[in-house]
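Chemist: Here is the input, now give the coordinates:
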Amino acid sequence: MEMTTPKKGANHYQKEMSSIKLIDESYKHPLLELQQIASENELVFDHLKFARLMDEKDPLRHLRNEFHYPKMSEILHTDPDLVDAQEDCIYFCGNSLGLCPKKTKEYMDVELDKWAKRGVQGHTTGELPWAWCDEVLEADMAKIVGCTQEEVSIMNGLTVNLHLLLISFYRPSKDRYKILCEDKAFPSDHYTFESQARLHGFNPQDVMICLKPREVFEFSYRHISYSTWLDKFILVLLLPYGIHGCYVGWDLAHAVGNVPLHLHDWQVDFACWCTYKYLNAGAGCLAGLFLHEKHRLHDFPRLMGWWGHNLTTRFKMDN
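Modeler: This next block holds a predicted model:
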């Protein structure tokens, strides 16, 4: 995304980027790795025997038992003549909604019981006080996205967080007002960019540069394309953007919980994501937001509210 005011010069960014953790030189495309494993075991890559071998070798296979899998009998439009009604379904929809962890109901029942027994006191009592529920998650989320705890926040939904970030980072001027994104971006991102352009009095068609991929390499505003699932080489993109004074933000909805991330080391300016896909947090659960610490002291324009204040001033009534 192009910014509206100059940033630091090229020499600064070349020096800054030289310290960033680069992609492992031993990296190979997953398809090549799988083909190599198949060959080493004298199996055909696309054969059932190879799939079963990979299941046996999977170090995380025991975690399957931590989730509820819908039964064939519960899935709509299933032909009972073709399946065993009591078998688990084969679930390929984690990119849309992750499966329900078996512990979810247990944890929810504890909080519902606290609400029933303590009412408003549930905000500040119990193992998980509701008033600070997001703070309990920040350390774990920071590990998942590769940043410090101070750089991450749990709040709102993905699109709301993207709008809040763009209010601060997208400050168009007469000469600099472009937003660079991928062609055929996920609709929610596209709608967000259009509405931000209109909010500032611009025609979205004049503002948005929708980049189409070459056949040999796909560039994406999102780290993982929801339609192609290709891992993007973020570091290749960051240096030229920094040199030319652009801010870079990522929609990580299909990356968080799916691939390793190092947002702090990569010097990403900002990012946002949902938690109901590969984090299995459930439909409607709070989303995540990242803001690099290099912007901590920047006095960006921003919307403020009750939870937009520090706890020390949040409940003051001296307005």
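
Chemist: what's the longest helix in this structure?
Modeler: helix 104-118 (DSSP state H).

Chemist: Which secondary structure state does the residue sitting furthest away from the middle of the chain sit in?
Modeler: Distance from the C-alpha centroid of the chain peaks at residue 81, with 39.8 Å (Cα atoms, centre = their mean). Following DSSP: H, G, I helix; E, B strand; the rest coil, the label given to residue 81 is coil.

Chemist: For the longest helix of the chain, what is the distance to the chain centroid?
Modeler: 28 Å (Cα atoms, centre = their mean, to the nearest Å).

Chemist: going forward can the numbers begin at 14, since that is how I track them
Modeler: Right, with 14 as the first residue, what we last looked at is helix 117-131.

Chemist: mean confidence score for that helix?
Modeler: Helix 117-131 comes out with an average pLDDT of 97.

Chemist: what's the following helix or strand after that helix?
Modeler: helix 146-158 (DSSP states H and E).

Chemist: Tell me which other helices or strands the helix or strand following that next one touches.
Modeler: Following helix 146-158 in sequence order, the next helix or strand is strand 165-168 (DSSP H and E). For strand 165-168, the contact count by 3 or more Cβ pairs under 8 Å, 6 or more residues apart in numbering; DSSP states H and E identifies helix 146-158, strand 300-304 as packing neighbours. Just so you know, the C-beta spots here come from the backbone N, C-alpha and C atoms, and that holds for glycine as well.

Chemist: Give me the buried positions along the longest helix of the chain.
Modeler: By neighbour count on 16 or more other Cβ atoms under 10 Å, the buried set for helix 117-131 is residue 127.

Chemist: and if you look at stretch 285-302?
Modeler: For stretch 285-302, by 16+ other Cβ under 10 Å, it's 285-294, 299-302.

Chemist: Looking at these, which one is closest to residue 271?
Modeler: residue 291 (4.5 Å; Cβ to Cβ).

Chemist: you'd agree that closest one is in a helix?
Modeler: No - counting by three-state DSSP, residue 291 falls outside a helix, being coil.

Chemist: for it, what are its contacts?
Modeler: 107-108, 111, 267, 269-271 (Cβ atoms under 8 Å, 6 or more residues apart in numbering).

Chemist: Quick check: which of the helices and strands packed on strand 165-168 is nearest to residue 328?
Modeler: Of all the helices and strands packed on strand 165-168, it is helix 146-158 that lies closest to residue 328, at 16.1 Å by Cβ to Cβ.
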